[in-house]
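*Asks:* need a 3D model of the sequence below.
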Amino acid sequence: MLLERAARLLSHAHAVGDESPHVRDELAPLFTAALVALGDAQWRAWSGAFHVRDALRHAREAERAANALERAVEIAARAREAS
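*Replies:* Below is the predicted model:
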């Protein structure tokens with residue numbers, strides 16, 4: 001569920017960023033952080049070599065990164081619509 005949501009969010013962020021270089025520059029660090037956090041959480045969940053608490057912690061970090069990106073994308077989309 002988190003990965004599906006993140007994939008939709010990353011796609012939306014990419015589309016919003018493509019429309020404006022300024023917005024893309026603002027979203028880039030959040031986009032990268034979310035992508036890295038999601039990849040790390042997914043790898044840890046699949047590897048099975050880590051303790052469950054560790055995998056859950058990384059999943060929560062990925063969720064926070066995705067939430068931050070989602071808020072930034074919503075703000076950028078609203079600003080784009082207002083202009």
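*Asks:* and A62, how far is that from V16?
*Replies:* Taking C-beta to C-beta, to the nearest Å as the measure, A62 falls 20 Å from V16. (C-beta placed from N, C-alpha, C; glycine too.)
*Asks:* meant to ask about A65
*Replies:* On the measure of C-beta to C-beta, A65 and V16 end up 17 Å apart.
*Asks:* what do you get for A77?
*Replies:* 6 Å.
*Asks:* cool, A68 as well?
*Replies:* A68 sits 15 Å away from V16, going by C-beta to C-beta.
*Asks:* check L30 too.
*Replies:* With distances taken as C-beta to C-beta, L30 is found 12 Å from V16.
*Asks:* again with H22
*Replies:* Separation of H22 from V16 (C-beta to C-beta): 11 Å.
*Asks:* now L27
*Replies:* 7 Å.
*Asks:* need the longest helix for the chain.
*Replies:* helix 52-82 (DSSP state H).
*Asks:* which residues touch R80?
*Replies:* Each residue near R80 by C-beta atoms under 8 Å, 6 or more residues apart in numbering is listed here: V16, E19, S20, V23.
*Asks:* how about the second one: what's its closest non-neighbour residue?
*Replies:* If you skip the residues right next to it in sequence, E19 has R80 as its closest partner in space, 6.6 Å away by C-beta to C-beta, 6 or more residues apart in numbering.
*Asks:* check which helix or strand covers the closest residue to E70 other than its chain neighbours.
*Replies:* Leaving aside its sequence neighbours, E70 sits nearest to L9 (C-beta to C-beta, 6+ apart; 5.5 Å). Assigned by DSSP states H and E, L9 falls within helix 2-19.
*Asks:* distance between the lowest-mean-pLDDT helix or strand in the chain and the chain's centre?
*Replies:* For the chain, scoring each helix and strand by mean pLDDT, DSSP states H and E identifies helix 2-19 as the least confident one, at a mean of 73. Its chain's C-alpha centre and that of helix 2-19 lie 7 Å apart, by C-alpha atoms, centre = their mean, to the nearest Å.
*Asks:* having no further points to raise, I will conclude here.
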